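# My questions concern the predicted model and sequence given below.
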Amino acid sequence: MKHVQLRAGVVPHASLSLLIIAFAIQAAPVNCGGAALLPQSDSKAKRETQARQQKVANPLNDLLDEAQRDIDANNFEAALAPLQKFIAEKPDLAFAHFQLGYAYTALTRSNDAQAEYERAIALDPKMSEAYLNLGILLLDKQEYAAAVTPLSKAVELLPAQGRPRSLLAVAQDRSGDKESAARSFEGVLHLEPNDLSANHYLGDLDLRRGKFAEAEARFRHALQIQPDAPELLQGLAQSLEAQNKPEALDAYRKYLAIRPGDSGTRRHLIKLLLYNQEYDAALAELDRADSGKPPSLDSLRMRADIQIAQNKLNDAVATLQQAITLAPRDAQLIGGLGRIYLQKRDFALAEKELKVATQLDPNNPVYWKDLSSTYYLSGNYPATLATLDVVAKAEPPGSGAWFIRALCYDKLHQFKPALEAYDKFLALEQGKTSDQVWQAQQRSKVLKHMLEGKR
């Protein structure tokens, strides 16, 4: 991160470069660009006037000139000796300590630089540049909480400049004070409405707070300034998705056009397309993800989901079989294959796969329910009842389970338990009308007459 520099007797030009911060939807690392020189303040002008006046009367200032020439030539090691000689003779000049701190900073001697900036501040409590450089130094050292104090002072001394506020916001955010960081970035926007860092940060913050429309507005504004910024495109897509706006799909596509290697976001887009029943588009995205490499297990799962949604059951069988070769003990894959065979009314293969799934994951009632349906549709009523007993241990039977039980008992000529099952089904379906209700009512009447006639 670039630090500011002061020159004795020279009015520095204003040159602020943009602070760029990359924040993800959950708090990503901060990257900060720096600035060259800060605008001249009245107090600084007075200090430099005094320095020029002192130079006439004090030959020690030749040492400052020598150090400045070395600094201008980026020969920071050479600048140390004249600055240290000057300070040894005149230890109470804040400017000399500041310059020494600047040289130490360039030489990555952080602790020495910090000590010199702190000494400059002690000698001149209104030296805004020293507060700013100290804050930047502490940010570089990842001492975020410690950076808050000098950067707050820099903001106080430089109220019309956005960069100190941006740096303060970074320190506040990284030290965990999100609310203060938001206020600081709001202050940046009052000074510089087109500041990308502030718009991005506050857009992400609005997303986390559930203020999705506000987040959308911030990201759209920032994209007018930098249309191809991937983080901004992703933020816009997320804010649109949170509002269930269909434009989210195009926003994700624009983001992936710039960041094609973001496999996580591409998978997310595929799931969104599947949810929106855009199956061909989902397959196209999946083909892009799999291009030039063997499909992953996750990719095969999504492809099978799409094929099932398209009712391409034979394709789905082939995809799931390929996935099972990668994960031969994955109960979900095997159970899914069994369910497809059930849909295809291939009861023998459905029974085979679903039995394997129940062995791999015996506590999952979904596989047992599918197995009971397989048994029932294939006419194996004793096995259907036994499987429903297993399901009943995991969850109370619903009306559908009681209806199937009743039919099984009925077909097995076990009329008393059949009548009891019909009655439990009707009790759960009380007040409803359906073909099953009518069938149960009629069959119950017949069974009651039959059982009464046997008494």
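Cool, got the structure. Residues are numbered from 1 along each chain as shown.
# for the record, mean pLDDT for the host helix or strand of residue 302?
Mapping residue 302 onto the secondary structure by DSSP states H and E places it in helix 297-309. Taken as a whole, helix 297-309 has an average pLDDT of 95.
# Give me the contacts around it.
267, 270-271, 274, 277, 279, 282-283, 286, 289-290, 295, 313, 315-316, 319-320, 322-323, 326-327, 333, 336, 340 (Cβ atoms under 8 Å, 6 or more residues apart in numbering). Where C-beta positions appear, they are placed from N, C-alpha and C, glycine not excepted.
# And stretch 389-407, by the same measure?
Contacts of stretch 389-407 (Cβ under 8 Å, 6+ apart): 363, 365, 368-369, 372, 376, 384-385, 388, 417-419, 421-422, 424-425, 428-429, 436, 440, 443.
# Looking at the contacts of helix 297-309, which are in helices?
Secondary structure assignment (DSSP state H) places 267, 270-271, 274, 279, 282-283, 286, 289-290, 313, 315-316, 319-320, 322-323, 326, 333, 336, 340 from the contacts of helix 297-309 within helices.
# Filter those residues down to the buried ones.
267, 270, 274, 279, 282-283, 286, 289, 316, 319-320, 322-323, 333, 336, 340 (16 or more other Cβ atoms under 10 Å).
# Give the buried residues for the strand or helix carrying residue 105.
Assigned by DSSP H and E, residue 105 belongs to helix 94-106. Residues 94-106 are the ones in helix 94-106 that count as buried (16+ other Cβ under 10 Å).
# do the same with stretch 141-158
Here stretch 141-158 shows 143-144, 146-148, 150-155, 157-158 as buried, counting by 16+ other Cβ under 10 Å.
# which one in the buried ones among the ones in helices among the contacts of helix 297-309 is the model shakiest on?
residue 289 (88).
# Pull the contacting residues for that residue.
By Cβ under 8 Å, 6+ apart, the neighbours of residue 289 are 263, 266, 267, 270, 299.
# The same query, at a cut-off of 6 Å, please.
If you count contacts by Cβ atoms under 6 Å, 6 or more residues apart in numbering, residue 289 has them with residue 266.
# Ok, residue 232 next?
219, 222, 223.
# Could you identify which of these has the most neighbours?
residue 219 (28 neighbours; other Cβ atoms under 10 Å).
# Contact partners for it?
Counting by Cβ under 6 Å, 6+ apart, residue 219 has contacts 203, 232, 235, 236.
# hmm, back to that, quick one: residues in contact with the helix holding residue 105.
3, 5-6, 76, 79-80, 83, 86-87, 112-113, 116-117, 119-120, 123-124, 127, 130.
# Repeat that for stretch 347-360.
329, 331, 334-335, 337-338, 341-342, 367-368, 370-371, 374, 378.
# what's the farthest-apart pair in the buried ones among the ones in helices among the contacts of helix 297-309?
Pairwise distances across those (Cβ to Cβ) peak at 23.1 Å, for the pair 289 and 340.
# For residue 264, give its distance to residue 246.
Computed with Cβ to Cβ, to the nearest Å, the distance linking residue 264 and residue 246 is 22 Å.
# With residue 430 instead?
For residue 430, the distance to residue 246 - Cβ to Cβ - is 42 Å.
# Between the two, point out the one with more neighbours.
Of the pair residue 430 and residue 246, residue 246 is the one with more neighbours under other Cβ under 10 Å, namely 11 against 8.
# Could you list the buried residues of the helix holding residue 302?
Within helix 297-309, judged by 16+ other Cβ under 10 Å, the buried ones are 299, 300, 301, 302, 303, 304, 305, 306, 307, 308.
# what number of residues lie near residue 132?
Count around residue 132 with other Cβ under 10 Å applied: 27.
# Which pLDDT value does the model give it?
Reading off the model, residue 132 has pLDDT 96.
# Remind me which helix or strand it belongs to.
helix 128-140.
# ok, now residue 176?
Residue 176 belongs to no helix or strand, assigned by DSSP H and E.
# What pLDDT is listed against it?
We have a pLDDT of 93 for residue 176.
# burial measure for it, as a count.
Counted with other Cβ under 10 Å, residue 176 comes out at 11.
# Could you do residue 381 as well?
19.
# can you pick the most crowded of the contacts of residue 219?
The most neighbours of any of the contacts of residue 219, using other Cβ under 10 Å, belong to residue 235, which has 29 neighbours.
# Quick check: chain neighbours aside, which residue is closest to that one?
In this structure, residue 235 finds its nearest non-sequential neighbour in residue 219, 4.6 Å apart by Cβ to Cβ, 6 or more residues apart in numbering.
# Now do the closest residue to residue 146 other than its chain neighbours against residue 167, distance only.
Excluding the flanking residues, the one nearest residue 146 by Cβ to Cβ, 6+ apart is residue 138, at 4.9 Å. According to Cβ to Cβ, residue 138 stands 10 Å off from residue 167.
# Would you mind checking which of the buried residues of helix 94-106 is nearest to residue 208?
Nearest member of the buried residues of helix 94-106 to residue 208, counting by Cβ to Cβ, is residue 105, at 34.4 Å.
# ok, the closest one to residue 450 distance?
Residue 105 sits at a distance of 98 Å from residue 450 (criterion: Cβ to Cβ).
# now what about the strand or helix carrying residue 122, what contacts it?
Using DSSP H and E, residue 122 sits in helix 110-123. For helix 110-123, the surrounding residues in contact (Cβ under 6 Å, 6+ apart) are 92, 94, 97-98, 100-101, 104-105, 127, 130, 133-134, 137, 141.
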